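Engineer: Below: sequence and its predicted model.
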Amino acid sequence: MSLKLGKSFNRSYNIRIPFMKGFYNIGLYFDKKSTFLLFRVDPDFSDAQEHERGIKINMFKNLESSKFCETFLDLHNYRKSTLDISNQFEKIKDEYTHDISFVFNETITLSKIELDENRTIYDSLNIYGFSLNSYNDEFLFLITERHNVLKRLKKKVVRTSGLQIATNPALSLLDEYHAERSAGHLEIKDRVHRDEVIRLSDMEEN
């Protein structure tokens, strides 16, 4: 089935990703004058292997709603008069550097813009791909980071989107990691809360 883009998109970038015993062809469609972006995902499997283990595909316009990002990644938000960033990938959390890996990191530069003599910025699309080390051919999380420059306002706007392709076993492992991290955060919050309680009996002893 063909994808009708209309006038909202005038640029595209295609990636072919190995997955299990086949491939996924991923199309990124966007506009050179905005941060709006759309994914297209086409499987390329010789047999019926795509459904052998129940592959699930999810798209995220808000990375904070993703279990993968919440568990494994630090995201960056920043806003001032010349820069507006929402959920930009910053780094893999230190405690998970041995659990997930980069599978690719690509940058497509659309234009170089000189705002003044001392300031040059780039209108670009950054693409980051991650996988779970234990399921490196059954899990992919793709982050697209669109840097759009509003030249008239001398301002850069950065927006991100996510695409997750995973088998059921890989999703089960992700759920375990997420549950383990959530439980750890609850323990820390509970301990901090208890430490903040001032007991009158303790004060009297002092």
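Structural biologist: Structure's in. What do you need?

Engineer: which residues of the protein fall in strands?
Structural biologist: Per DSSP state E, the chain carries strands over the ranges 11-19, 22-30, 37-44, 56-60, 73-80, 83-92, 100-116, 119-132, 139-150, 155-166.

Engineer: Run through who's touching the second one.
Structural biologist: By CB atoms under 8 Å, 6 or more residues apart in numbering, the residues outside strand 22-30 that reach it are 3, 5, 9, 11-17, 36-46, 49-50, 125, 127, 140, 142, 144, 146, 163, 165. Backbone N, C-alpha and C define where each C-beta goes, glycine included.

Engineer: for that strand, the distance to its chain's centre please.
Structural biologist: Centre-to-centre, strand 22-30 and its host chain are 16 Å apart (CA atoms, centre = their mean, to the nearest Å).

Engineer: Report the buried residues of that strand.
Structural biologist: Using 16 or more other CB atoms under 10 Å as the test for burial, strand 22-30 gives 23-24, 26, 28-30.

Engineer: Closest one to residue 170 out of those, please.
Structural biologist: residue 24 (14.1 Å; CB to CB).

Engineer: what's the distance between the closest residue to that closest one other than its chain neighbours and residue 41?
Structural biologist: Closest residue to residue 24 apart from its sequence neighbours, by CB to CB, 6 or more residues apart in numbering: residue 17 at 4.9 Å. Between residue 17 and residue 41 the distance is 10 Å, computed by CB to CB, to the nearest Å.

Engineer: okay, and the common contacts of those two?
Structural biologist: Common neighbours of residue 17 and residue 41 (CB under 8 Å, 6+ apart) are 24-26, 165.

Engineer: Using TSV, please lay out those together with distance to residue 134.
Structural biologist: Putting these into TSV (distance: CB to CB, whole Å) gives the following:
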residue	distance to residue 134
24	20
25	25
26	23
165	16
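
Engineer: Of those, which is the nearest to residue 112?
Structural biologist: Nearest to residue 112 among the shared contacts of residue 17 and residue 41, with distances taken as CB to CB, is residue 26, at 26.4 Å.

Engineer: Check the gap between that closest one and residue 88 for me.
Structural biologist: Taken as CB to CB, the span from residue 26 to residue 88 is 21 Å.

Engineer: How about residue 34?
Structural biologist: From residue 34 across to residue 88, the span is 17 Å (CB to CB).
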